[in-house]
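# take this sequence and fold it.
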Amino acid sequence: MTLRAAGPAPAEDVWSCYAVPACWPTWSPQITAVRGAGERITPGMRGEVVSLFGVTADFVVESVDERRRRWVWRVALGPVRLRLHHAVFARPAGSASTLRIEGPAVALAAYAAPAQWALRRLVRGRGDVRGGKEEEQEHDVRQTD
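Numbering: from 1, shown residues only. I've put the predicted structure just below:
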């Protein structure tokens with residue numbers, strides 16, 4: 001499944017919000033805290049994210065490309081495993097971000113709406129984290145084992 005959103009936030013600001021785990025709860029409403037992570041994402045970094053309901057999911061960062069503003073991480077919640085590919089692109093009027101998620105179809109379906117909401121908040125910037133219509137969205141659902 002691939003999600004996309006575009007907004008007025010500069011690409012460097014959007015990338016900084018990805019690259020600093022402590023920033024994740026400010027734009028991703030499904031995350032209330034990040035534990036055990038470093039100050040900035042790095043390959044091999046491990047930690048856990050805490051959801052709205054106190055449920056925790058372990059994660060490990062697989063790769064980070066600061067120059068291209070891309071990173072990949074794996075998240076595990078019980079038997080469910082997701083692999084998330086993030087990218088940020090500069091646009092004349094701000095930025096765009098994509099999120100490609102690999103995992104079981106049921107998990108993808110459950111995660112699509114909160115993930116899209118988070119992407120919209122992220123590219124809107126810190127000054128405007130309200131919900132709203134995204135500029136572009138695509139769902140390409142693929143089930144993986």
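
# C-alpha from now on. contacts and neighbour counts both.
OK.

# in this structure, which spans are helices?
11-19, 24-27, 105-124 (DSSP state H).

# burial count for Leu99?
Other residues near Leu99 number 21, with proximity taken as other Cα atoms under 10 Å.

# what's near enough to touch it?
Thr2, Leu3, Arg4, Leu84, His85, His86, Ala87 (Cα atoms under 8 Å, 6 or more residues apart in numbering).

# distance from the chain centre to the longest strand along the chain, please.
Ordering each strand of the chain by length in residues (DSSP state E) puts strand 80-91 first. Chain-centre distance of strand 80-91: 6 Å, with Cα atoms, centre = their mean, to the nearest Å.

# got the angle for it vs helix 105-124?
Angle between the axes of strand 80-91 and helix 105-124 is 30 degrees (criterion: axes from the mean of the first three to the mean of the last three Cα atoms, to 10 degrees).

# can I get the contacts of Leu99 in a markdown table including distance to Ala76 and neighbour count?
Converted to a markdown table, those look like this (distance: Cα to Cα, whole Å; neighbours: other Cα atoms under 10 Å):
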| residue | distance to Ala76 | neighbour count |
| --- | --- | --- |
| Thr2 | 19 | 20 |
| Leu3 | 20 | 20 |
| Arg4 | 23 | 22 |
| Leu84 | 11 | 19 |
| His85 | 15 | 18 |
| His86 | 17 | 20 |
| Ala87 | 21 | 19 |
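
# about what we covered before: tell me the strands beside the longest strand of the chain, with direction?
In the sheet, strand 80-91 lines up against strand 70-77 (antiparallel), strand 94-102 (antiparallel) (DSSP bridges).

# what's the closest of the ones you listed to Arg124?
Arg124 sits nearest to strand 94-102 of all the strands paired with strand 80-91, at 8.7 Å, using Cα to Cα.

# so where's the chain uncertain?
Counting by pLDDT under 70, the chain has low-confidence residues at 126-145.
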